[in-house]
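In: Here you go, sequence then predicted model.
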Amino acid sequence: MKTSSLHPSNNRFCLDILNPVRQWLDQFEVQDSKIAHRIATLIPAQCPFERDITVLGHKIAHIPPLCKLNPLYEQLVGLRFRALCYLADVCGEDIGAYI
C-alpha cells in the first residue's frame, strides 16, 4: 500500500505547493526603481506583530513575532533586501527612510 504525506519529514513524498512561489521570489530581479520603492514600502523592516501587553503600567503578556510562521518569510525578506540594495547601489538613493 502506497501512502503519501504532506509532512516534510516524510522522505518518500513531499508536496510543497508554495515551492514555485518561493522560487519566483528568490529569482525575482529588481530592475526598476518604482518597483524597488514599492517592495521596500510593502514589506516591513521588522515584524509588526510583536507586542507587549501592559495593564496599568505592568507587562502582563508578550506576543512573540509571528513572521517566521509565514512560509514565505525568508523569500520576502530577501526580496526587500535586494530592492534596498538596488536603490542604494544602482540608483544611488538614500534608503534611510526604509530602515
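Out: Ah, there it is.
In: Tell me the buried residues in stretch 92-99?
Out: 93, 95, 98 (16 or more other CB atoms under 10 Å). For the C-beta atoms, the positions are set from N, CA and C on the backbone; glycine is no exception.
In: surely the second one meets L84?
Out: So the one you mean is I95. Yes - at 5.0 Å, I95 counts as touching L84 under the criterion of CB atoms under 8 Å.
In: Enumerate every residue touching Q31.
Out: Y86 (CB atoms under 8 Å, 6 or more residues apart in numbering).
In: sec struct for it, please.
Out: Classification of Q31 using DSSP: H, G, I helix; E, B strand; the rest coil returns coil.
In: Are there residues contacting both of I95 and L84? Which ones?
Out: Contacts common to I95 and L84, judged by CB under 8 Å, 6+ apart, are A40.
In: shaky segments in this protein?
Out: 1-14 (pLDDT under 70).
In: where along it do the strands fall?
Out: 51-55, 58-63 (DSSP state E).
In: will you turn these into TSV that also has mean neighbour count?
Out: Shown next, in TSV, are those (neighbours: other CB atoms under 10 Å):
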stretch	mean neighbour count
strand 51-55	10
strand 58-63	9
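In: okay if I get these as a markdown table plus distance to R38?
Out: A markdown table is the format used below for these (distance: least, CB to CB, whole Å):
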| stretch | distance to R38 |
| --- | --- |
| strand 51-55 | 27 |
| strand 58-63 | 28 |
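In: what's the spacing between the closest residue to A61 other than its chain neighbours and P65?
Out: Spatial nearest neighbour of A61, chain neighbours left out: I53 (4.2 Å); criterion: CB to CB, 6 or more residues apart in numbering. Distance, I53 to P65, using CB to CB, to the nearest Å: 14 Å.
In: repeat for D26
Out: Remark: distance between D26 and P65 (CB to CB) = 22 Å.
In: same deal with P71?
Out: 15 Å.
In: all helices of the chain, in order?
Out: 19-27, 33-42, 73-85 (DSSP state H).
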